[in-house]
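# model the structure of this input:
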Amino acid sequence: MSARRLVRVMRDPGGVAALDARGWNGLIAMARAERLIGTLALRLGDRPVPDPVRPILRDARLDAEREARQALWEADRAAEALAGLNVPVVLLKGTAYAAAGLSAGRGRFIGDLDILVPREAMGPVEEALLRAGWEWVKDDPYDDAYYRQWMHELPPMIHAARDRMIDVHHTILPLTARQTPDAGAMLAEAVPITNELYVLSPEDRVCHAVAHLLADGDLAGGLRNLWDIHCLLEGLDRQAVEARAARHGLLPHMRQALRLAAALYGDGARLTLWDRAMLARLLARDEWGRERRKWLRFAFYLRSHWLRMPPAMLARHLWAKWRKGHRPT
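Residues are numbered from 1 along each chain as shown. Next up is the predicted model:
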């Protein structure tokens, strides 16, 4: 029930008035597990809450503000490192939301810095980042070759002094994925926010969030991702969003994301059986925020890899990772 309680409070913060101590414990545990605690704190605003809850929400707001400042500083450092290359540097995900002042960025915890650059610029970008102090997170020949041949990004890098990671993308889905979004069109219509940095167009921001949630991952953290989509849709024309999704081969995923976002955070939607299976995965936590429904989570883990690559490649890849000791959690 705690996952649904979190969803209800995100949709209608006034619902916290009816919570008892156990209800508050479950709500906070779930919000932390889904990395929505900062957003929840801002949604609750000045509403009266129990005394023990007040410092938790205050700290969550402060943590989110600190992460946003760190993310924007890291984006500035990346822009400085890449300034001489004369290539567009497009911020993605949480850093983009914070830099553009979007509602999706309010209270959002931001992890890695994700950027999109033209594929032909990946070599010079990699060299510039290495010169500026970034280094490889892993020294694994298999992973390095896999990323460079089949993925949509370089192997992850981390700054030696600041301990902050950067993911450098040349498109938004793996090259082996069934969908092939038009990265060139995304770069061409990106919106400048400084002399060096850009963000995706409003419609492309939704397309990227949808691709990340439904065409690439196992739905882990999906409640936050759907909240992003719900916020990113504010003020946009649905037909324009769907037309852009069709351009990127993402229209079925877009329509499903619109249904799921409306079902959880909006005015409701008519759901298919597959939508309901998705919701079961999204809500698969107990009252302490711990993941449950292990086999359902494992099924979606397999699905995420199935979406990324053909069957023969998938079998080889999973076997290689298994031999190296990787196990899905």
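
# so who does Val9 touch?
15-16, 27, 40, 43-44 (C-beta atoms under 8 Å, 6 or more residues apart in numbering). For every residue, glycine as well, the C-beta is placed using N, CA and C.

# repeat that for Pro48.
Shown in contact with Pro48 (C-beta under 8 Å, 6+ apart): Ala17.

# that one: what secondary structure?
Following DSSP: H, G, I helix; E, B strand; the rest coil, the label given to Pro48 is coil.

# tell me how many other residues surround Pro174.
Applying other C-beta atoms under 10 Å, we find 19 residues neighbouring Pro174.

# low-confidence regions, the protein specifically.
1, 150, 305, 309-329 (pLDDT under 70).

# just the strands in it please.
Ranges of strands within the chain are 89-91, 113-116, 134-136, 157-159, 165-169, 191-192, 197-199, based on DSSP state E.

# ok, now how distant is the residue of the chain most remote from its centre from Pro202?
The outermost residue of the chain, judged against the average C-alpha position, is Asp51 (32.5 Å), by C-alpha atoms, centre = their mean. Asp51 sits 41 Å away from Pro202, taking C-beta to C-beta, to the nearest Å as the criterion.

# likewise Asn225?
According to C-beta to C-beta, Asn225 and Pro202 sit 17 Å apart.

# more neighbours: which of these two?
Neighbours per residue (other C-beta under 10 Å) separate Asn225 from Pro202, with Asn225 holding more: 24 against 21.

# can you report how many residues lie near the residue nearest to the more buried one when sequence neighbours are not counted?
Distances taken as C-beta to C-beta, 6 or more residues apart in numbering place Leu213 nearest to Asn225, at 4.4 Å, with adjacent residues excluded. Using other C-beta under 10 Å, Leu213 has 25 neighbouring residues.

# Arg224 is in contact with Leu213, correct?
No. Using C-beta atoms under 8 Å, Leu213 makes no contact with Arg224, being 9.7 Å away.

# OK, contacts around the spatially closest residue to Ser2 that is not a sequence neighbour?
The spatial neighbour of Ser2 that comes closest, neighbours along the chain excluded (C-beta to C-beta, 6+ apart), is Gly26 at 3.7 Å. When contacts are counted by C-beta under 8 Å, 6+ apart, Gly26 touches 1-2, 5, 287-289.

# cool, Lys294 as well?
Contacts of Lys294 were listed using C-beta under 8 Å, 6+ apart, and none were found.

# how many neighbours does Ala29 have?
Neighbour number of Ala29 under other C-beta under 10 Å is 19.

# list the contacts of the closest residue to it other than its chain neighbours.
Nearest residue to Ala29, sequence neighbours excluded (C-beta to C-beta, 6+ apart): Gly289, at 3.8 Å. Contacts for Gly289 (C-beta under 8 Å, 6+ apart) come out as 2, 26, 29-30, 32-34.

# what about 6 Å?
Contacts for Gly289 (C-beta atoms under 6 Å, 6 or more residues apart in numbering) come out as 29-30, 33.

# quick one, helices of the stretch 201-329 of the chain?
Assigned by DSSP state H, counting those that start in this stretch, the helices in the stretch 201-329 of the chain fall at 202-214, 222-232, 238-247, 251-265, 273-282, 294-308, 311-323.

# which of those helices sits most buried?
Sort the helices of the stretch 201-329 of the chain by mean neighbour count, taking mean count of other C-beta atoms under 10 Å, and helix 202-214 sits at the top with a mean of 26.

# just the C-alphas of it, formatted as CSV.
Output of helix 202-214 as CSV, limited to C-alpha atoms (Å, rounded to 0.1, in the frame of the first residue of the first chain):
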residue,chain,number,x,y,z
PRO,A,202,10.3,20.2,-25.0
GLU,A,203,8.9,17.4,-27.1
ASP,A,204,12.2,15.6,-27.3
ARG,A,205,12.6,15.8,-23.6
VAL,A,206,9.5,13.8,-23.2
CYS,A,207,10.6,11.3,-25.9
HIS,A,208,13.9,10.8,-24.1
ALA,A,209,12.2,10.2,-20.7
VAL,A,210,9.9,7.7,-22.3
ALA,A,211,12.7,5.9,-24.1
HIS,A,212,14.7,5.7,-20.9
LEU,A,213,11.7,4.3,-19.0
LEU,A,214,10.0,1.9,-21.5
